[in-house]
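Asks: quick one, what's the 3D model for this:
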Amino acid sequence: MPSGGERRSGRALAAPLTLLAFVLSSAFSSPRALAVPDPAESVPSGTERSGDLVSIGKALTIAGEVDGAVIAIGGRVTVTGRVRGDLVVLGGDALVADGGRVGGDLLVVGGNGATAGSGSVAGRVRTVSALEAAFLTELRTSPLQRGEVSVLLAAFRLLLLTFWLTGGLALLRWKPRHVQQAAGALPAELATAAGLGVSAVLSGVLLATFFLALLPAPLAIPLVGALLALLVAAKLFGLAALFVAAGRRFARGAKRGSPLFGDPAALAVGLLPFGLVSLVPAAGPLVWGAASVVGIGLAVRTAFGTSDPVLSVARA
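Replies: Numbers count the residues shown, from 1 in each chain. Coordinates of the predicted model:
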């Protein structure tokens with residue numbers, strides 16, 4: 001039976017790892033693109049590995065014993081031995097085969113998890129697939145793909161657009177000057193923001209991989225969670241500024257007192273074309289992805305609106 005610490009570890013890992021899977025799935029490269037050249041690794045029968053085991057882009061076979069948790073990204077995991085802690089698989093399948101044992105929980109995100117024969121899992125078996133898998137791939141697909149309307153993806157896309165709109169309005173309410181300064185940096189800083197955005201996304205993916213591969217799981221998971229939270233915050237702020245900048249151009253002739261006057265209206269007007277384009281197959285995800293990258297870069301370039309690059313450009 002798993003100890004209380006092992007069960008608490010399983011519950012603590014679930015939320016940040018699900019968030020990690022969402023962000024990696026919506027990035028420009030999949031977890032499999034981060035694969036190490038070695039195609040497989042194993043814990044041989046009769047051997048014991050102490051501590052947690054992290055595997056990236058490899059097929060992993062555990063015939064011996066792992067005295068800790070196992071986290072695999074982008075590879076299939078087969079257990080015929082024993083894992084004393086949790087088994088977490090992101091973007092792959094997990095099989096606890098005949099004779100295999102998992103002392104904690106089994107969590108599979110973006111794949112299938114199963115037991116066979118006398119294989120057993122002491123904790124809970126949870127798979128994030130089907131409905132959840134559609135959500136995880138939302139940023140790479142379109143509800144109008146192949147001419148067929150997906151009600152599920154369309155509803156989820158509208159929910160996400162509502163989130164970006166609500167978040168942007170909240171930023172305009174609490175940090176109006178910061179958003180306005182960042183929006184004022186466009187279009188002069190567009191190329192710089194795009195370059196910084198690409199660098200920030202790639203750096204985030206590489207740092208997350210580094211943390212998971214080289215640091216103990218109890219230390220790596222909080223660091224990855226903090227890194228992803230920072231990227232999400234940058235994206236939210238940057239998209240709000242981008243939508244305000246676009247909306248200002250669309251509604252620049254609006255008179256004071258009209259429904260289209262002011263930055264809240266500009267935010268909604270600027271979001272509308274991006275939201276509509278995001279529903280289009282192929283081009284939609286590319287446009288939305290490009291907007292997200294520019295938004296992250298804009299947040300970095302303006303330090304979340306605390307500097308005013310427009311003034312520096314004007315002086316130059």
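Asks: so where is the stretch 201-316 of the chain shaky, pLDDT-wise?
Replies: 213, 217, 307-316 (pLDDT under 70).
Asks: where do the helices sit along it?
Replies: 217-250, 263-277, 283-301, 309-315 (DSSP state H, counting those that start in this stretch).
Asks: got CSV for these, with distance to Val102 and mean neighbour count too?
Replies: Where you see a C-beta, it was placed from the backbone N, CA and C, and this is true even at glycine. Conversion of the helices of the stretch 201-316 of the chain to CSV gives the following (distance: least, Cβ to Cβ, whole Å; neighbours: other Cβ atoms under 10 Å):
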stretch, distance to Val102, mean neighbour count
helix 217-250, 15, 20
helix 263-277, 43, 20
helix 283-301, 36, 21
helix 309-315, 52, 13
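Asks: what does the helix or strand where Leu60 lies contact?
Replies: Using DSSP states H and E, Leu60 maps to strand 59-62. For strand 59-62, the external contacting residues (Cβ atoms under 8 Å, 6 or more residues apart in numbering) are 39-43, 53, 70, 72, 75-83, 100.
Asks: which of those count as buried?
Replies: Buried by 16 or more other Cβ atoms under 10 Å: 42-43, 53, 70, 72, 75-83, 100, out of those.
Asks: Val79 contacts Asp98, correct?
Replies: No: with contact defined as Cβ atoms under 8 Å, Val79 does not count as touching Asp98 (10.2 Å).
Asks: now for the two: what residues contact both?
Replies: Joint contacts of Val79 and Asp98 (Cβ under 8 Å, 6+ apart) are Gly119.
Asks: from the buried ones among the contacts of strand 59-62, which two are the most distant?
Replies: Spatially, the most separated pair among the buried ones among the contacts of strand 59-62 is Gly75 and Arg82, at 19.4 Å (Cβ to Cβ).
Asks: which element is Val66 on?
Replies: For Val66, the host element (DSSP H and E) is strand 65-67.
Asks: toward the C-terminus, what is the element adjacent to that strand?
Replies: Sequence-wise, the next helix or strand downstream of strand 65-67 (DSSP H and E) is strand 70-73.
Asks: count of neighbours near Gly51?
Replies: Burial of Gly51 is recorded as 12 neighbouring residues (other Cβ atoms under 10 Å).
Asks: now do the contacts for the closest residue to it other than its chain neighbours.
Replies: Sequence neighbours aside, Gly68 is the residue nearest to Gly51 in space, at 4.8 Å (criterion: Cβ to Cβ, 6 or more residues apart in numbering). Gly68 makes contact with Arg49, Ser50, Gly51, Asp52, Leu53, Arg84, Gly85, Ala217, according to Cβ under 8 Å, 6+ apart.
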